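> got a predicted model here, sequence first, then my questions.
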Amino acid sequence: MRVADLPLAPEHVEHFEREGIEELYPPQAAAVEAGVCDGDNVVAAVPTASGKTFVAELALLTADGPGLYVCPLRALAREKFEEFDRLPGVDAGISTGDYDSAASELAGNDIVVATSEKVDSAIRNGAGWVDDLACVVVDEVHLLGAAGRGPTLEVTLATLRRRTPAVQIVALSATVDNPEDIADWLDAELVESTWRPVDLRVGVHAADAVEFDDGTTLSVPVDADDPSTDADTEVTAALVRGAVEDGGQALAFVSSRREAEALAERLRDERLADAVDTADSTSDAASVAEELREAGGTETGSRLAEAADRGVAFHHAGLSSDQRALVERAFRERRLAVICATPTLAAGVNVPARRVVVRDQQRYTGEGTEWLPVLEVHQMCGRAGRPHLDPYGEAVLVADDEDGREALWNRYVTADPERVESKLRDRAALRTHTLALVATGFAGSQAAVLDALSGTFYASRTANPDLGGAVGDAIASLIDDGMLEAGEGKAKGSAGGNGGTGDTGSGIEATDLGAQVSRQYVTPETGVRIVERLEAVAGMNDADVTELTAFEVICDTPDMVDTYLGNAERAEIYQFARAHSAELTTGMTDAEDFEGWLESVKTARILSEWVDGASVEELVAAYRIGPGDLESRIERAEWLLGAAEALADVVGVSMPTLSSARAKL
DNA sequence: ACCCGTGGGCTTTAGACAGCATGTC
DNA sequence: CTAAAGCCCACGGGT
């Protein structure tokens, strides 16, 4: 099937041909046959890099009206937005937490790119553009199975479909075990394929050799004399070196940030860049280092630049978003030979390499170490092989010995990925979405909430959903928390009467507090915590209510990210809390979860030093966090302080430091 | 006096979505 | 309260 044969405008055909797309890949052709261009619902479960974006573009361009592209990451949203915006005659918009087109523009855009949470939020806040959609493309739809975010995605899609029943849904999924269940839910045709534009072989290394799934082997002699690193690291280094000496690029996945940095530093010392330097890439690597130095002068940054100078980089969430974007771009432009990364890179933006080495396959979880999900390892391996640049891709899992080889082989090479299961039946998820449904006026009774949830993936997967009890509990707890109250149903607004007729208990509505919590997009639990703290503030001396107080109000909530509190620091933070106890809403003895509270005091302290003018470098050094960690805390603090201000207004507490602190962030 | 290897105890452990309002020729 | 692995440091043996 050729692009020219598709029902596209000539200018679009031209555009794609200019980009080198003339003949459709088999999965793309299958998607067209399934009706992507005819307004039909389609679920495509295909590997990454098999041309999913083009399928999305087909759906969006042939739809009879505005389209929405939903994806899980802001960086991904940016990437897609830029791509769609290049389409001739297409006016694209973007809406994510950190980057937003004007609301007035979104309504006029042909294609809007947004994160799933942003779509949910737009619905909650009554944004007009969500009602005129003709087509919704959902990328990475398998995230339906993710504990925190999956429920948001399924409720949002259910709501969109209910509001606009004729909307076309095109869902793109990684290869999972039960894509038919997703297709079944969406009344969609399923397209399944394992086809890739570049051959990929996956293997396991043990005992000096890799055995690949295509039957080939690769001998990897390792001089085990060097006691400074362990055997797995030796093997990883040798595999990376091999790929680079062969003129390719490599990605190495390890389990922790420290490991990623240590591996990068080790490879840097091997002077791999000399090997990769066929042309003028020395200057390329140096230019990357230069750009990284300009991006910010933290200690992490200079170590990163030092490694980049030799063609090697590390990558994890401790890096600032600038640093991460720079590393990703430089690697795509082949100005870097190697990235040593934590699992972040597996799910992020497109960073393909000739060879992928997965050194660590386990991860700490808080309940011991756990095997990485098969899907995640597959996504790491799937990064191997660049179309048009590599003759093939190779992914190698590193095992300790022959037993380990067999274990990894069975677990990851021959095994199917996990099933996608709904996580909607979770107390916190149901509280959040029940509140949102009621607050938006979408449901005014328990029965109506259940009805709204009947269009979810959860409901389609369960013969007898029986959410009644769980939703009932959610409603009861939300009433306890002052977010919901018994309403008067249809008689709402009629003055007089005591409200309670025969329908008592069946009608519910959101209180002002509940409505504000839903609109601010904080979880009900965060709303409760903030209100408790605000009430404590009301009883404090005005002089004691400082910006530190403001930060404490928002830091001990589930929506703020935890900050690790090391043993060495604990005593010092304790001292700090004692010294500032007058400014804190929680007494040293009243915290229910003292450890958790102390961690939030640490976060509050970091933020308050930040607004007092401390530099990124100082804070990063003093609190042993990465620049990216500081960035994310500042970002969340900005959001949560705004939410706290709105809630303070509702409960009638005046707290000026909330806004003064926010202004200084 | 110095170097190196060993062993035990201590320390640490991936990631990342969201509000709102506003400006200009 | 779970598990694995790196890091630091003290110790001991050899030169």
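Sure thing, it's come through.
> please name the nearest non-neighbouring residue to residue A:136.
Once flanking residues are discounted, residue A:136 sits nearest to residue A:68: 4.8 Å by CB to CB, 6 or more residues apart in numbering. Yep, even glycine has a C-beta here, placed from its N, CA and C like the rest.
> just say helix, strand or coil for the residue of the stretch 501-650 of chain A found nearest DNA strand C.
Relative to DNA strand C, the nearest point of the stretch 501-650 of chain A is residue A:595 (7.8 Å; CB to the nearest atom of the strand). Of the three states, residue A:595 takes helix under DSSP: H, G, I helix; E, B strand; the rest coil.
> verify the stated contact: it with residue A:567.
No: with contact defined as CB atoms under 8 Å, residue A:595 does not count as touching residue A:567 (11.6 Å).
> can you tell me if stretch A:364-375 touches DNA strand C.
Yes: counting by CB under 7 Å from any atom of the strand, DNA strand C has neighbours in stretch A:364-375: A:364, A:366-369.
> list of residues touching that stretch?
A:142, A:174-176, A:255-256, A:343, A:361-363, A:411-412, A:415-418 (CB atoms under 8 Å, 6 or more residues apart in numbering).
> which of those residues are close to DNA strand B?
Within those, those near DNA strand B by CB under 7 Å from any atom of the strand are A:255-256, A:343, A:363.
> hmm, which of the residues you listed are the buried ones?
Buried subset of these (neighbour count, 16 or more other CB atoms under 10 Å): A:255, A:343.
> need the ones next to DNA strand B among the contacts of stretch A:364-375 in CSV (columns: secondary structure and pLDDT).
Converted to CSV, those look like this (DSSP: H, G, I helix; E, B strand; the rest coil; pLDDT from 0 to 100):
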residue, secondary structure, pLDDT
A:255, coil, 92
A:256, coil, 92
A:343, coil, 92
A:363, strand, 88
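> count the neighbours of the residue of the stretch 501-650 of chain A closest to DNA strand C for me.
10 (other CB atoms under 10 Å).
> in chain A, which residue sits nearest DNA strand C?
residue A:368 (3.0 Å).
> bridge partners for the residue nearest to residue A:136, pull those for me.
residue A:112, residue A:136 (DSSP bridges).
> hang on, the earlier thing: out of the ones next to DNA strand B among the contacts of stretch A:364-375, what pair is the most spread apart?
Greatest spatial distance among those (CB to CB): A:256 and A:343, at 10.1 Å.
> close to DNA strand B: what parts of the stretch 301-450 of chain A are there?
A:316-318, A:342-344, A:348, A:363-365.
> ok, 10 Å please
A:314-319, A:321, A:324, A:341-348, A:360, A:362-366, A:368-370, A:372-373, A:376, A:432 (CB under 10 Å from any atom of the strand).
> and the longest helix belonging to chain A, how far out from the chain middle?
Secondary structure of chain A per DSSP state H: the longest helix is helix A:627-651. Remark: helix A:627-651 is offset 19 Å from the chain centroid, using CA atoms, centre = their mean, to the nearest Å.
> do stretch A:554-562 as well
With CA atoms, centre = their mean, you get 18 Å for stretch A:554-562.
> re the thing from before, show me how to select, in ChimeraX, the buried members of the contacts of stretch A:364-375.
The command below creates a ChimeraX selection of those among the contacts of stretch A:364-375 that count as buried (16+ other CB under 10 Å):
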select /A:142,174,175,176,255,343,361,411,412,417
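> what is the nearest of the contacts of stretch A:364-375 to DNA strand B?
Once CB to the nearest atom of the strand is applied, the member of these that ends up nearest DNA strand B is residue A:256, at 3.3 Å.
> number of residues surrounding the nearest residue to the closest one once chain neighbours are set aside?
Nearest residue to residue A:256, sequence neighbours excluded (CB to CB, 6+ apart): residue A:342, at 6.7 Å. Using other CB under 10 Å, the number of residues around residue A:342 comes to 22.
> residue A:541 now?
Neighbour number of residue A:541 under other CB under 10 Å is 8.
> over to residue A:10?
Using other CB under 10 Å: residue A:10 sits among 9 other residues.
> relative to DNA strand B, how far out is it?
33 Å (CB to the nearest atom of the strand, to the nearest Å).
> ok, residue A:207 next?
Remark: distance between residue A:207 and DNA strand B (CB to the nearest atom of the strand) = 22 Å.
> surely that residue is in contact with residue A:402?
Yes: Residue A:207 is within contact range of residue A:402, at 6.0 Å (criterion: CB under 8 Å).
> since we're on the residue of chain A closest to DNA strand C, how many residues are nearby?
Burial measure for residue A:368: 7 neighbouring residues, criterion other CB under 10 Å.
> over to the one 4 residues further on?
Neighbouring residues of residue A:372 were enumerated by other CB under 10 Å; the total is 21.
> and what of the one 10 residues further on?
Close neighbours of residue A:382, defined as other CB under 10 Å, add up to 22.
> could you do residue A:623 as well?
Residue A:623 sits with 20 neighbouring residues when counted by other CB under 10 Å.
> pull up the gap between it and residue A:603, please.
The spacing between residue A:623 and residue A:603, counted by CB to CB, to the nearest Å, is 9 Å.
> which positions in stretch A:366-376 come out as buried?
Buried, per 16+ other CB under 10 Å, within stretch A:366-376: A:372, A:374-376.
> tabulate these (CSV), appending secondary structure.
Output for these, formatted as CSV (three-state DSSP):
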residue, secondary structure
A:372, coil
A:374, helix
A:375, helix
A:376, helix
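> and the residue nearest the centre of chain A, what does it touch?
In chain A, the centroid-proximal residue (CA atoms, centre = their mean) is residue A:73; its distance is 4.6 Å. Residues near residue A:73 by CB under 8 Å, 6+ apart: A:115, A:347-349.
> now those in CSV, with distance to residue A:77?
Formatted as CSV, the contacts of residue A:73 follow (distance: CB to CB, whole Å):
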residue, distance to residue A:77
A:115, 6
A:347, 14
A:348, 12
A:349, 10
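> quick one: which of these is nearest DNA strand B?
Distances from DNA strand B to those, taken by CB to the nearest atom of the strand, are shortest for residue A:115, at 3.8 Å.
> how distant is stretch A:126-133 from the center of its chain?
24 Å.
> ok, and what's touching it?
A:65-68, A:103, A:106-107, A:109, A:112, A:119, A:122-123, A:160, A:163-164, A:167, A:440.
> looking at stretch A:166-184 now, give me its mean pLDDT.
Per-residue pLDDT values across stretch A:166-184 average out to 96.
> check which residues of it are buried.
Across stretch A:166-184, burial judged by 16+ other CB under 10 Å covers A:167-179, A:181-183.
> and those residues, which two are furthest apart?
That would be A:167 and A:177, which, of the buried residues of stretch A:166-184, are the farthest apart (CB to CB) at 27.3 Å.
> coming back round to it: from residue A:362, how far out is the residue of chain A closest to DNA strand C?
Here residue A:368 is placed at a distance of 9 Å from residue A:362 (CB to CB).
> can you map out the strands along the stretch 451-600 of chain A?
For the stretch 451-600 of chain A, applying DSSP state E, counting those that start in this stretch gives strands covering A:484-486, A:508-510.
> pick the most deeply packed of these.
Highest mean neighbour count among these (mean count of other CB atoms under 10 Å): strand A:508-510, with a mean of 22.
> is DNA strand B contacted by it?
No: judged by CB under 10 Å from any atom of the strand, strand A:508-510 stays clear of DNA strand B, getting no closer than 13.6 Å.
> now that strand: average pLDDT?
Per-residue pLDDT over strand A:508-510 has a mean of 95.
> check the offset of that strand from the chain's centre.
Distance, stretch centre to chain centre, for strand A:508-510: 31 Å (CA atoms, centre = their mean).
> now intersect the residues of stretch A:364-375 next to DNA strand C with the strands, please.
A:364, A:369 (DSSP state E).
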